[in-house]
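here are the coordinates; sequence isn't available:
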């Protein structure tokens, strides 16, 4: 059993999660799996898989302003 403070390589994580290494790289790139670079390689902390409840905070989306007319751009 792995401790919560243990880090895995991409290959080890793929074996534990029963998927390919390329799937792990994709999930790291998309942010689904947190990873860090240690000792020249990607390391994945096992603690993230032991968390019971993840709190995801979504930032409010910026509202796009309607394009201004040339008159509004020049005279405000």
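Here it is on my side, so go on. This one's a predicted model, so the numbers in the text were calculated from it and none came from an experiment.

all helices for this protein, in order.
10-16, 21-30, 47-50, 70-75 (DSSP state H).

could those helices go into a markdown table alongside mean neighbour count and mean pLDDT?
C-beta here means a position set from N, CA and C on the backbone, and glycine is covered the same way. A markdown table is the format used below for the helices of the chain (neighbours: other Cβ atoms under 10 Å; pLDDT from 0 to 100):
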| stretch | mean neighbour count | mean pLDDT |
| --- | --- | --- |
| helix 10-16 | 17 | 91 |
| helix 21-30 | 14 | 90 |
| helix 47-50 | 12 | 78 |
| helix 70-75 | 8 | 78 |
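
report all helices and strands that the lengthiest strand in the chain contacts.
Secondary structure assigned by DSSP state E gives strand 41-45 as the longest strand of the chain. Packing partners of strand 41-45 (3 or more Cβ pairs under 8 Å, 6 or more residues apart in numbering; DSSP states H and E): strand 7-8, helix 10-16, helix 21-30, strand 36-38.

nearest to residue 71, of these?
In terms of Cβ to Cβ, the element of those nearest to residue 71 is helix 21-30, at 43.6 Å.

find the residue at the geometric middle of this protein.
residue 31 (1.6 Å; Cα atoms, centre = their mean).

for the longest strand of the chain, buried residues please.
Under the neighbour-count criterion of 16 or more other Cβ atoms under 10 Å, strand 41-45 has 42, 43, 44, 45 buried.

to the chain's geometric centre, what's the distance from that strand?
Distance of strand 41-45 from the chain centroid (Cα atoms, centre = their mean, to the nearest Å) equals 13 Å.

residues contacting that strand, please?
The contact list for strand 41-45 (Cβ atoms under 8 Å, 6 or more residues apart in numbering) reads 5-10, 13, 24-25, 28, 33-37.

need the max-distance pair from these.
Within these, 5 and 25 form the most distant pair, 23.0 Å apart (Cβ to Cβ).

still on that earlier bit, okay, the residue nearest to the centre of the chain and residue 10: tell me how far apart.
15 Å (Cβ to Cβ, to the nearest Å).

for residue 75, same thing?
Counting by Cβ to Cβ, the gap from residue 75 to residue 10 is 57 Å.
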